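J.: I need the structure of the sequence given here:
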Amino acid sequence: MPASQEHVQQNQPDGVPPLELTGERTLPDVPAENYWFRRHLAVYEWIGRRCAGLEVVDMACGEGYGTDVLARYATRVTGVDANPEAHEHAKLKYTRPGVTFARDLVETYVEPCDAVVFLQTIEHVQDPKAVLDHFKQMLRPNGTAYVSTPNLLTLAPAGAEKSDNPWHLKEYRADEFRQLCEQSFDHVELLGVFHANKLKIHELAIRLGWDDLHKKLGITKRFYDWFVPAISASDFALREADLDKALDFVAVCR
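T.: All right, here's what the predicted structure looks like:
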């Protein structure tokens, strides 16, 4: 595959323009991006199972795959994104009953709903508390906001204030993220996203010297060309313990 095509979506439905990776959002259908896509997908699936029969707004929905996942369970889902290319792509690609897409900013879109989903985006916004307050106002009584963000301690180099991702304005430790959410919501449950199954075995292999071995054997590219596309959402798990070691945080806010 030409290098210029490595970060462009493959095999899109007829009439759906493929999107290109920019570093701002993850995408399905890009083999080299599969790890990050599945890491996001695992959280969408976890949330979806908790949204059965509900009306949901998926804020900053990007390509739209998460909105489609939520709609497997929810009665109705609106995916909101301000990017014109992403909005047009999502509208054409995801046509499941109950799915709609709106082109708008997360700060200004308003729709009464039972759940707001806002994944891997709060680190991008200028005024995160104002965004969370806005979500609180949108929710019906007993509604829930699901908000995720990367863990500074596992994303950035040791001791750094943030990673080198230019789109991220602020990255959080567990206690910082909990405190942010508790400024807007009365009850906050915080979980972490961790490697499981194949990825947990891969972690163990690295500790046992795998990185040196695959280089010596000259199989690095061949192995990872197979391994990365083989990663699935089941290779990630959510749990409450050891949050400092989590890949991402998921706040369940009520």
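J.: Tell me where the model's unsure across the stretch 101-250 of the chain.
T.: Residues of the stretch 101-250 of the chain meeting the criterion pLDDT under 70: none.
J.: can you pull out the strands in the chain?
T.: All strands of the chain, identified by DSSP state E, fall at 55-59, 76-80, 99-102, 113-119, 139-150, 188-195, 236-239, 248-253.
J.: and these as JSON lines, adding mean neighbour count and distance to Gly159?
T.: Glycine gets a C-beta too; all of them are placed from N, C-alpha and C. Below are the strands of the chain laid out as JSON lines (neighbours: other Cβ atoms under 10 Å; distance: least, Cβ to Cβ, whole Å):
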{"stretch": "strand 55-59", "mean neighbour count": "26", "distance to Gly159": "32"}
{"stretch": "strand 76-80", "mean neighbour count": "25", "distance to Gly159": "36"}
{"stretch": "strand 99-102", "mean neighbour count": "18", "distance to Gly159": "41"}
{"stretch": "strand 113-119", "mean neighbour count": "24", "distance to Gly159": "27"}
{"stretch": "strand 139-150", "mean neighbour count": "20", "distance to Gly159": "16"}
{"stretch": "strand 188-195", "mean neighbour count": "19", "distance to Gly159": "21"}
{"stretch": "strand 236-239", "mean neighbour count": "18", "distance to Gly159": "26"}
{"stretch": "strand 248-253", "mean neighbour count": "22", "distance to Gly159": "20"}
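J.: now the ones you listed as a markdown table including distance to Asn165?
T.: Below are the strands of the chain laid out as a markdown table (distance: least, Cβ to Cβ, whole Å):
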| stretch | distance to Asn165 |
| --- | --- |
| strand 55-59 | 19 |
| strand 76-80 | 22 |
| strand 99-102 | 26 |
| strand 113-119 | 15 |
| strand 139-150 | 8 |
| strand 188-195 | 17 |
| strand 236-239 | 20 |
| strand 248-253 | 13 |
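J.: Among these, which comes closest to Ala42?
T.: Among the strands of the chain, strand 236-239 comes nearest to Ala42, with 3.9 Å by Cβ to Cβ.
J.: and that closest one, C-alpha only, in PDB?
T.: Coordinates of each C-alpha in strand 236-239 appear next as PDB, following Å, rounded to 0.1, in the frame of the first residue of the first chain:
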ATOM      1  CA  PHE A 236      -9.600  -4.200  26.600                       C
ATOM      2  CA  ALA A 237     -11.400  -4.300  29.900                       C
ATOM      3  CA  LEU A 238     -12.900  -1.700  32.300                       C
ATOM      4  CA  ARG A 239     -12.400  -1.900  36.100                       C
END
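J.: Quick one: list the elements packing against it.
T.: Strand 236-239 makes packing contacts with helix 34-48, strand 188-195 when contacts are defined by 3 or more Cβ pairs under 8 Å, 6 or more residues apart in numbering; DSSP states H and E.
J.: who does it pair up with?
T.: With DSSP bridges as the test, strand 236-239 is paired with strand 188-195 (antiparallel).
J.: who touches the partner strand?
T.: Defining contact as Cβ atoms under 8 Å, 6 or more residues apart in numbering, one finds that strand 188-195 is touched by 39, 42-43, 148, 151, 174, 177-178, 181-182, 202-203, 235-243, 245-254.
J.: repeat that for 7 Å
T.: Outside of strand 188-195, the residues within contact range by Cβ atoms under 7 Å, 6 or more residues apart in numbering are 39, 42-43, 174, 177-178, 181-182, 203, 235-240, 242-243, 246-253.
J.: Look up how far Asp14 lies from Gln5.
T.: Gln5 sits 19 Å away from Asp14, going by Cβ to Cβ, to the nearest Å.
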